[in-house]
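**Q** I'll drop the sequence and a predicted model, then ask my questions.
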Amino acid sequence: MQPIQLGRMTIHKVVEMESPTPMTMNLPGVTSADLARLMRWYDPGDGEITLDPETSQMTFSVHSFVIEVDGQTILVDTCDGNHKNRMVEAVHQLDTDYLGNLRRAGFEPSDIDLVMCTHLHFDHVGWNTQLVNGKWEPTFANAKYLFGRRDYEYFKSGPAGEEPHHESFADSIVPVMEAGQGIIVEEDHVAHREIGNGVWLEPAFGHSPGCCTIHGRAGGEEAIFWGDVIHHPVQMIRYDLPFAFDADPATASITRQRVMEKAAEEDLLCFPAHFRKTSAGKVRMDGDAYRYEWVPE
């Protein structure tokens, strides 16, 4: 994605990796008819989607966004991270060039003023820290990190069934708090200036207990960074189906529909956490469901 200018705000995408997983593992219940409908407007060109749910993949782009606005540099979601022990084999002991990609986008880690996480799952907090002489230290030495209270308290408790995320809490959240760089905020927190002219959070609970969307507007179009409210384009057709990592599937489904309806009605420019291609785009109504129009390459 080339940098996108929205008034006083410039948005950059920083890629860590792509991660393919079986469609039926993440979203059981998808049908051939759903996939045929999806293929009318989504074709990544590499065979990810077929007419058979058993052979289709959900390939996730794992990336961050950097927002430049009013002299502030804000990093949204920090991917998986390197050299971390993970129960999920696909992200165990990674060694990616994420920081190199950040630099190629024009930013040193020391340039980041604020880190914001849409929620505290392992693939959104990993680069909060890096391994330095055998110790986890904040990657962004000059930044404050905002963590939503509901997710923070939930994952801090080490709930049963959430072990992969409690694992990342220990090495990617706790060291930030111990360094004095973490701030616990409410899920409607205003991070910069004011709602409608700045950067702010809105609750989007369901995928995690404290999942949020991040919004930015600075004299141009409003941007929405929806994190994991919607992981993959097929969920725009089957927003009713529970996703594998949804903490509260029923609420997550309602939230998905609400966010898509808002994005379509208000013509928001969307920045999904896991969509491939340029990621950025617009939500459009499509009969009884929705479709996505990507910003061109």
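**A** Received, thanks.

**Q** What about the nearest residue to residue 60 once chain neighbours are set aside, how many residues nearby?
**A** In this structure, residue 60 finds its nearest non-sequential neighbour in residue 274, 4.1 Å apart by CB to CB, 6 or more residues apart in numbering. For every residue, glycine as well, the C-beta is placed using N, CA and C. Number of residues near residue 274 (other CB atoms under 10 Å) recorded here: 22.

**Q** ok, residue 185 - contacts?
**A** Applying CB atoms under 8 Å, 6 or more residues apart in numbering, we find residue 185 in contact with 146-149, 191, 201.

**Q** out of those, which are inside strands?
**A** Among the contacts of residue 185, the residues falling in strands (DSSP state E) are 146-148, 191, 201.

**Q** Now render the residues you listed as TSV, adding distance to residue 261.
**A** Listed next are the ones in strands among the contacts of residue 185 as TSV, based on distance: CB to CB, whole Å:
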residue	distance to residue 261
146	27
147	28
148	23
191	24
201	19
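
**Q** ok, back up a step: mark which of the contacts of residue 185 are buried, thanks.
**A** Buried members of the contacts of residue 185, scored by 16 or more other CB atoms under 10 Å, are 146-148, 191, 201.

**Q** possible to save the contacts of residue 185 as a markdown table with distance to residue 211 and pLDDT?
**A** Formatted as a markdown table, the contacts of residue 185 follow (distance: CB to CB, whole Å; pLDDT from 0 to 100):
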| residue | distance to residue 211 | pLDDT |
| --- | --- | --- |
| 146 | 14 | 98 |
| 147 | 12 | 98 |
| 148 | 8 | 98 |
| 149 | 13 | 98 |
| 191 | 16 | 98 |
| 201 | 10 | 98 |
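
**Q** what's the most distant pair in those?
**A** Maximum pairwise distance among these (CB to CB): 14.2 Å, between 149 and 191.

**Q** Test my guess that residue 150 contacts residue 210.
**A** Yes - look at residue 150 against residue 210 with CB atoms under 8 Å: they come within range, at 3.0 Å.

**Q** of those two, who's got more company?
**A** residue 210 (25 against 20).

**Q** Next, find the distance separating that one from residue 114.
**A** Using CB to CB, to the nearest Å, we find residue 210 at a distance of 18 Å from residue 114.

**Q** For the stretch 1-150 of the chain, which segments count as helices?
**A** Assigned by DSSP state H, counting those that start in this stretch, the stretch 1-150 of the chain shows helices spanning 23-26, 32-38, 98-104, 149-156.

**Q** elements contacting the first one?
**A** Counting contacts by 3 or more CB pairs under 8 Å, 6 or more residues apart in numbering; DSSP states H and E, helix 23-26 packs against strand 57-69.

**Q** Please pick out the residue of the protein most distant from its centre.
**A** Ranked by distance from the centre of the chain (CA atoms, centre = their mean), the top residue is residue 133, with 29.2 Å.

**Q** Now do the contacts for the nearest residue to residue 92 once chain neighbours are set aside.
**A** Excluding the flanking residues, the one nearest residue 92 by CB to CB, 6+ apart is residue 86, at 4.3 Å. Listed by CB under 8 Å, 6+ apart, the contact set of residue 86 reads 80, 92-93, 122, 164, 167-168.

**Q** Correct me if wrong: residue 66 contacts residue 72.
**A** No - using CB under 8 Å, residue 66 is not in contact with residue 72, being 10.7 Å away.

**Q** So between the two, which is more surrounded?
**A** Neighbour tally, residue 66 and residue 72, criterion other CB under 10 Å: the higher count belongs to residue 66, 20 against 16.

**Q** nearest residue to the more buried one other than its sequence neighbours?
**A** Using CB to CB, 6+ apart, the closest residue to residue 66 is residue 12 (4.3 Å).

**Q** Repeat that for residue 95.
**A** That would be residue 82: by CB to CB, 6+ apart, it lies 5.5 Å from residue 95.

**Q** ditto for residue 46
**A** Residue nearest to residue 46 in three dimensions, not counting chain neighbours: residue 59, with 8.0 Å by CB to CB, 6+ apart.

**Q** per-residue pLDDT, that neighbour?
**A** Note on residue 59: pLDDT of 97.

**Q** Ok, residue 106 next?
**A** For residue 106, the pLDDT comes out at 98.

**Q** gap between it and residue 77?
**A** 18 Å.

**Q** quick one: which of these two has more around it?
**A** Neighbour totals were compared for residue 106 and residue 77, and residue 77 leads with 29 against 14 (other CB under 10 Å).
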